[in-house]
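1. sequence-free structure coming up:
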Ligand SMILES: [Zn+2]
């Protein structure tokens, strides 16, 4: 197999390391700008939005195959029409390209700046921090003072710890201007392990299996079972509020908005906490973390058709968010995350390998039990899935260690099969 990656059980004496880049976004609050700057900023925002819409209409009519084609067709046109800084124009094209499939019209676009080409962080003569960026051609750069609060202190702490900022975005939120800075840092991550922790993310919880290189199960557990319960409570509350809001209650409508934020915050916080727990377990067993590849998720959940709207709203853990979180936490702790292309992991029997949907036993239309039709193996279906993911990762890793002769192919195979960090 070409894509196999990991070395288990220390077949080589030296510990191999690779670099993984962690990306973070930090918010910085800005002090209110002067009238002149405020006017300039609103002109800038409307001009960028218009520019993005123009690029979007070009993209829709020409339907370019890749970014370079879009760039070549649209850049000369917008260059003539808008007197924006050239780097801002390029960032506009990027923005449109990234949102091409989902966006119909841009109302307000966060403006991106590239350090050092169109913006930078700096200090005034008095030593106050400012963010400086380009605007229209021939207009010079604008400097906006940064509020020196907790967010700023956190940002400085990161910079002092070796995080690099190469890009930031200017947003307007509820009348205030904020800067979202993209920070990145490379971490050394180990490639030799004695075990693997398979994680199955299902509708309401995380199932974990720690599997030793010789196939012995070290530990199985569930994390985050409270998430489903809490989401269910949110759902109940939401449906009640919705019925009031439909009858015309403004208070209910406001509460609905709030509850949406609360729920999102709750799930995000729990995902971070659980990622830390998973990484702790991985460190304890000297294990690499294995998760499913995102591509197969949709297929498995929907059984080919989309789940009902109500269902979709209640119990669901955002897998993409979890993947980014676990990678971030694991890499910062020197543990790697491997994605296995897990097709039908929840249907396969871990004992005899018989794969069928008939292995599921339903109660009240819910998948409650895994029972193998061939050998009679019984288990919780989520636990089965996590075990299968771990086994898959292990098989691929061991397959590799037999063929290994020099460390070089490891890096090569990584480069060929999948990018080690989120793109860009
Ligand atoms: Zn079986």
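-> Cool, got the structure. The shown structure was predicted, so the numbers you read here are calculated from the model rather than taken from an experiment.
2. by mean pLDDT, flag the weakest helix or strand of the protein.
-> helix 408-417 (a mean of 33; mean pLDDT, DSSP states H and E).
3. from residue 335, how far off is residue 150?
-> Separation of residue 150 from residue 335 (Cβ to Cβ, to the nearest Å): 29 Å. From N, CA and C alone the C-beta is placed, and that goes for glycine too.
4. which one's more surrounded, the two?
-> residue 335 (25 against 9; other Cβ atoms under 10 Å).
5. pLDDT wise, what is the nearest residue to that one once chain neighbours are set aside at?
-> Once flanking residues are discounted, residue 335 sits nearest to residue 282: 5.1 Å by Cβ to Cβ, 6 or more residues apart in numbering. Residue 282 is assigned a pLDDT of 94 by the prediction.
6. what's the neighbour count on residue 282?
-> 27.
7. now do the SS call for it.
-> Here residue 282 is helix, with the state taken from DSSP: H, G, I helix; E, B strand; the rest coil.
8. okay but it is in contact with residue 289, surely?
-> Yes - counting by Cβ atoms under 8 Å, residue 282 touches residue 289, with 5.2 Å between them.
9. spit out the residues that contact the two alike.
-> 197, 330, 335 (Cβ atoms under 8 Å, 6 or more residues apart in numbering).
10. so which of those residues is the closest to the ion?
-> residue 197 (23.3 Å; Cβ to the ion).
11. burial check on residue 183, number of neighbours?
-> 20.
12. for it, which non-adjacent residue is closest in space?
-> Residue 183 sits nearest to residue 163 (Cβ to Cβ, 6+ apart), 4.2 Å away.
13. now that neighbour: how far from the ion?
-> Counting by Cβ to the ion, to the nearest Å, the separation of residue 163 from the ion is 49 Å.
14. residue contacts, that residue?
-> By Cβ under 8 Å, 6+ apart, the neighbours of residue 163 are 24, 183-185.
15. could you flag which of these are buried?
-> Neighbour-count burial (16 or more other Cβ atoms under 10 Å) is assigned, among the contacts of residue 163, to 183, 185.
16. what's the helix or strand where residue 219 lies in contact with?
-> According to DSSP states H and E, residue 219 maps onto strand 217-223. Outside strand 217-223, the residues within contact range by Cβ under 8 Å, 6+ apart are 195, 205-212, 274, 277-278, 281, 285, 382-383, 386-387.
17. in a helix, residue 52, correct?
-> Yes - counting by three-state DSSP, residue 52 is located in a helix.
18. can you tell me which residues contact it?
-> Residue 52 neighbours (Cβ under 8 Å, 6+ apart): 92, 95-96, 106, 109.
19. ok, now how distant is the closest residue in space to residue 195 that isn't next to it in sequence from the ion?
-> Spatially, and ignoring its direct neighbours in sequence, residue 195 is nearest to residue 287 (3.9 Å; Cβ to Cβ, 6+ apart). Per Cβ to the ion, residue 287 is found 25 Å from the ion.
20. and residue 108, what element?
-> Per DSSP H and E: nothing holds residue 108, as it lies in no helix or strand.
21. so the closest residue to it other than its chain neighbours: helix, strand or coil?
-> Sequence neighbours aside, residue 49 is the residue nearest to residue 108 in space, at 6.1 Å (criterion: Cβ to Cβ, 6+ apart). Under three-state DSSP, the three-state class of residue 49 is helix.
22. isn't residue 49 up against residue 106?
-> Yes - with contacts counted by Cβ under 8 Å, residue 49 reaches residue 106, the gap being 5.2 Å.
23. give me the neighbour count for residue 19.
-> 12.
24. list the buried ones in the host helix or strand of it?
-> Per DSSP H and E, residue 19 falls inside strand 17-29. Within strand 17-29, the residues that count as buried by 16+ other Cβ under 10 Å are 18, 20, 22, 26, 28-29.
25. so which elements touch it?
-> Packing partners of strand 17-29 (3 or more Cβ pairs under 8 Å, 6 or more residues apart in numbering; DSSP states H and E): helix 150-160, strand 176-190, helix 319-332, helix 408-417.
26. hmm, 6 Å instead?
-> helix 150-160, strand 176-190, helix 319-332 (3 or more Cβ pairs under 6 Å, 6 or more residues apart in numbering; DSSP states H and E).
27. quick one, which of those is packed in tightest?
-> helix 319-332 (a mean of 20; mean count of other Cβ atoms under 10 Å).
28. how far does that one sit from the chain's center?
-> Helix 319-332 sits 7 Å away from the centroid of its parent chain (Cα atoms, centre = their mean, to the nearest Å).
29. quick one: contacts of that helix?
-> 20, 22, 187, 189, 201, 271-272, 275-276, 279, 289, 297, 337 (Cβ atoms under 6 Å, 6 or more residues apart in numbering).
30. show me which of those residues neighbour the ion.
-> With the criterion set as Cβ under 5 Å from the ion, no member of these is near the ion.
31. dump those residues to TSV, plus pLDDT.
-> Below are these laid out as TSV (pLDDT from 0 to 100):
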residue	pLDDT
20	91
22	92
187	93
189	89
201	87
271	93
272	94
275	95
276	95
279	95
289	93
297	44
337	91
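32. would you turn the residues you listed into TSV with distance to residue 173?
-> Output for those, formatted as TSV (distance: Cβ to Cβ, whole Å):
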residue	distance to residue 173
20	31
22	25
187	31
189	35
201	31
271	23
272	22
275	27
276	29
279	32
289	35
297	31
337	32
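33. give the buried residues for stretch 65-79.
-> So, applying 16+ other Cβ under 10 Å, buried residues of stretch 65-79: 70-71, 73-75, 78.
34. and what of stretch 164-175?
-> Applying 16+ other Cβ under 10 Å to stretch 164-175 flags 165, 167-171 as buried.
35. now stretch 131-148
-> Quick answer for stretch 131-148 (16+ other Cβ under 10 Å): 131-136, 142-144, 146.
36. repeat that for stretch 236-254.
-> Across stretch 236-254, burial judged by 16+ other Cβ under 10 Å covers 238, 241, 245, 252.
37. what's the mean pLDDT across stretch 344-357?
-> 83.
38. endpoint to endpoint, that stretch covers what distance?
-> 9 Å (Cα to Cα, to the nearest Å).
39. close to the ion, is that stretch?
-> Yes - on the criterion Cβ under 5 Å from the ion, stretch 344-357 is in touch with the ion at 349, 351-352, 354.
40. gap between that stretch and the chain center?
-> For stretch 344-357, the distance to the chain centre is 29 Å (Cα atoms, centre = their mean).
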